[in-house]
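1. For reference, the sequence and a predicted model appear below.
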Amino acid sequence: LLTCMFFVYPMDAFVLRHVSMVLLFKGRAAHDGIDHLVLARRDRRILLTFALYLLTLLPALFLTNLGTVLSVTGSVAASSLCYICPGASYLAVH
């Protein structure tokens, strides 16, 4: 598990940081591919990386029961699969 998280966490954090930068700072133009201006700002990238790191570190430090985290994650994922995904699929097709 440690080896898996060692290699997966940086890749997930990279994607999350890129998507967050595009959504928070530039909007639709960056989403369409003109994102070099957003990603070139080193100060925003460092600040956002630190904030995302803290958002993942703080629950890991303070939550001692992993079962609670897994139950909340499972309930959110199951609800979105049951209620949101069918409607989104219908809207995407029609």
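-> Received, thanks. Numbering: from 1, shown residues only.
2. Give the closest residue to the residue most central in space within the chain in space, chain neighbours not counted.
-> Nearest to the geometric centre of the chain sits residue 16, at 4.2 Å (Cα atoms, centre = their mean). The shortest distance from residue 16 to any residue other than its chain neighbours is 6.0 Å, reached at residue 52 (Cβ to Cβ, 6 or more residues apart in numbering). To be clear about C-beta, it is placed using only N, CA and C from the backbone, and glycine gets the same treatment.
3. so that neighbour touches residue 19, yeah?
-> No - if you go by Cβ atoms under 8 Å, residue 52 and residue 19 don't touch, sitting 10.6 Å apart.
4. what about the two, which has more around it?
-> Between residue 52 and residue 19, residue 52 has the larger neighbour count (other Cβ atoms under 10 Å), namely 15 against 11.
5. check which helix or strand covers that one.
-> Using DSSP states H and E, residue 52 sits in helix 42-62.
6. could you give me the average pLDDT of that helix?
-> Averaged over helix 42-62, pLDDT sits at 86.
7. can you give me how far it is from the chain middle?
-> Mean-position distance between helix 42-62 and its chain equals 12 Å (Cα atoms, centre = their mean, to the nearest Å).
8. Show me the contact partners of the next helix or strand after it.
-> Toward the C-terminal end, the helix or strand that comes next after helix 42-62 (DSSP H and E) is helix 66-79. Applying Cβ atoms under 8 Å, 6 or more residues apart in numbering, the contact partners of helix 66-79 are 59, 63.
9. so helix 66-79 versus helix 42-62, what angle?
-> Using axes from the mean of the first three to the mean of the last three Cα atoms, to 10 degrees, the direction of helix 66-79 lies 120 degrees away from that of helix 42-62.
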